[in-house]
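Enquirer: kindly return the folded structure for what I paste below:
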Amino acid sequence: MRLEAKGISRRYFRNKGSANTFFAVKETDFVLEPGRITALHGRSGGGKSTLLQMLSGLLTPTTGEVLLDGQSLYTLQDRELSRLRNAHLGVIPQGKAAVGSLSVLENVLLPAQLYGQADEQTRKEAAQLLERLGMAELAGVRPRELSGGELRRMSIARALAAKPGVLLADEPTGDLDDLNTKTVLDLFAEAADRGCAVLLVTHDRDSLSVAQDVWRMDAGVLTHET
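Expert: Sure thing, here's the model as predicted:
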């Protein structure tokens, strides 16, 4: 699937300082093409996570629009947007998002469970993802028993399990060792080979090396590097 941002920006208001507004993301165009990995890097606080949230349908832009295969996300009602996001967008947040009352496998299957799509094949593929990520023996435990890196790998498995058309990953390898980083990047490359449009927001040089397109964001300004 193709994800396109046209003229999007995000402005915030503040009560202190010489200016009462600032732009976390200044007006920009941005495209994620199917079958390609795009990497976005830059200093912390530069607007990368804000851009990702707008692209994922989680944060309404101040200006512009975001289109998924031509469908404008922010013209949809909340329920329609939630369904579209669940069906087509895989999001790996920077934080450790998990439902504490569910097991690791149940967390991975949660997006499919929400709309009654967790059939036997889906369960099998989710278990295979956990095995690839070295998490098979942890499938039945609760998130509180996991380390930070294990929680990260669980989030990655959850995002990939639904075979999304677009994958948006915010620092997906930030707390992983070299071996797990390689496994995760291999999985992202396989997703791109299936036609997924992949965005990696990252500080990791290894992640930059697998991307066909590299962008940098500083102070809300997006620049295409390669």
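Enquirer: packing partners of the helix-or-strand element of the chain with minimal mean pLDDT?
Expert: The helix or strand of the chain with the lowest confidence, counting by mean pLDDT, DSSP states H and E, is helix 205-209 at a mean of 85. Identification of packing neighbours for helix 205-209 by 3 or more C-beta pairs under 8 Å, 6 or more residues apart in numbering; DSSP states H and E yields strand 37-41, helix 178-193. For the C-beta atoms, the positions are set from N, CA and C on the backbone; glycine is no exception.
Enquirer: highest mean neighbour count out of the ones you listed?
Expert: strand 37-41 (a mean of 23; mean count of other C-beta atoms under 10 Å).
Enquirer: partners of that one, with directions?
Expert: strand 197-201 (parallel), strand 213-218 (parallel) (DSSP bridges).
Enquirer: first-to-last residue distance for stretch 197-214?
Expert: End-to-end distance for stretch 197-214: 14 Å, by C-alpha to C-alpha, to the nearest Å.
Enquirer: what sits up against it?
Expert: The contact list for stretch 197-214, computed with C-beta atoms under 8 Å, 6 or more residues apart in numbering, reads 1-3, 32-41, 48-49, 51-52, 55, 94, 165-174, 181-182, 185, 188-189, 191-192, 224-226.
Enquirer: just the element for the closest residue to Ala39 other than its chain neighbours, please.
Expert: Using C-beta to C-beta, 6 or more residues apart in numbering and skipping residues adjacent in sequence, the residue nearest Ala39 is Ala211, 3.7 Å away. According to DSSP states H and E, Ala211 maps onto no helix or strand at all.
Enquirer: and Ala211, how far is that from Lys182?
Expert: Counting by C-beta to C-beta, to the nearest Å, the gap from Ala211 to Lys182 is 15 Å.
Enquirer: got the contact list for Arg132?
Expert: Here Arg132 is in contact with Thr183, Leu187 (C-beta under 8 Å, 6+ apart).
Enquirer: and it, what pLDDT?
Expert: Arg132 carries a pLDDT score of 96 in this model.
Enquirer: the one 5 residues further on too?
Expert: Confidence per residue is given as pLDDT, and for Glu137 that number is 96.
Enquirer: same check, this time on the one 4 residues further on
Expert: Per-residue confidence at Val141 stands at 96 (pLDDT).
Enquirer: is it true that Ala139 touches Leu133?
Expert: No: the pair Ala139 / Leu133 is not scored as a contact, 10.8 Å apart, by C-beta atoms under 8 Å.
Enquirer: who's more crowded, these two?
Expert: Leu133 (22 against 18; other C-beta atoms under 10 Å).
Enquirer: contacts only, for that one.
Expert: Contacts of Leu133 (C-beta under 8 Å, 6+ apart): Arg153, Ile156, Ala157, Asn180, Thr183, Val184, Leu187.
Enquirer: the residues you listed: which two are farthest apart?
Expert: Ala157 and Asn180 (11.9 Å; C-beta to C-beta).
Enquirer: re earlier: need the strands paired with strand 37-41 in CSV (columns: mean pLDDT).
Expert: Shown next, in CSV, are those (pLDDT from 0 to 100):
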stretch, mean pLDDT
strand 197-201, 97
strand 213-218, 95
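Enquirer: out of the ones you listed, which one sits most buried?
Expert: strand 197-201 (a mean of 26).
Enquirer: tilt between that one and helix 178-193?
Expert: 150 degrees (axes from the mean of the first three to the mean of the last three C-alpha atoms, to 10 degrees).
Enquirer: of all residues in this structure, which one is nearest the centre?
Expert: The residue lying closest to the centre of the chain (C-alpha atoms, centre = their mean) is Leu168, at 2.4 Å.
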